[in-house]
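Chemist: fold the following and give me the result.
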Amino acid sequence: MTVCRDCCCGSRTKHPTVDHDAQLDGLRAALEPDHRVRTSLCLDVCAQSNVMVVHPGPAARRRGARPVWFGLVADDAVVADLVAWVRAGGPGVAAVPAVLELSVITSPVLTGR
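Modeler: Okay, the predicted model is just below:
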């Protein structure tokens, strides 16, 4: 999983009610060591911050699975749903739950930005 933590994502100014450090610590505690959680610089979808990208595992990737991008991840319930989905296998293994479909965004790579 890649968690954007640059200009808008992770910003107390933009999201003053979100404890961004606790969010990242919680993701790492819930997913590592089985799943890597890393941070990135700006992913270029600032209007959708906080952005997280869930990557498929190697076997799913070989079968054609692609990363799934999530935006507006500022709520603990959405983070918990993401964790559950990743633990269930994530992209290419488990279907995106309907509640998470609401947070799926298009990758800027796919939109040509």
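Chemist: quick check: which ranges of this structure have low pLDDT?
Modeler: The chain contains residues with pLDDT under 70 at 110-113.
Chemist: what segments of it are strands?
Modeler: With DSSP state E as the criterion, the chain has strands at 2-4, 38-40, 52-54, 68-70, 104-105.
Chemist: who's in contact with the first one?
Modeler: Which is strand 2-4. With C-beta atoms under 8 Å, 6 or more residues apart in numbering as the test, strand 2-4 has contacts from 9-10, 23-24, 27, 37-43, 45, 49-53, 55. (Each C-beta comes from the backbone N, C-alpha and C, glycine too.)
Chemist: in helices, which of these appear?
Modeler: If you go by DSSP state H, these have 23-24, 27 in helices.
Chemist: can you redo these as TSV with distance to residue 60 and neighbour count?
Modeler: Below are the ones in helices among the contacts of strand 2-4 laid out as TSV (distance: C-beta to C-beta, whole Å; neighbours: other C-beta atoms under 10 Å):
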residue	distance to residue 60	neighbour count
23	25	21
24	24	17
27	20	20
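Chemist: thinking again about what came up before, can I have the buried ones of the contacts of strand 2-4 as a PyMOL selection?
Modeler: Selection of buried members from the contacts of strand 2-4 for PyMOL, criterion 16 or more other C-beta atoms under 10 Å:
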select buried, resi 9+10+23+24+27+37+43+45+49+50+51+52+53+55
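Chemist: show me the contacts for residue 98.
Modeler: Contacts of residue 98 (C-beta under 8 Å, 6+ apart): none.
Chemist: distance-wise, check the closest residue to residue 71 other than its chain neighbours relative to residue 61.
Modeler: Among residues not flanking residue 71 along the chain, residue 48 sits closest, at 2.9 Å (C-beta to C-beta, 6 or more residues apart in numbering). With distances taken as C-beta to C-beta, to the nearest Å, residue 48 is found 24 Å from residue 61.
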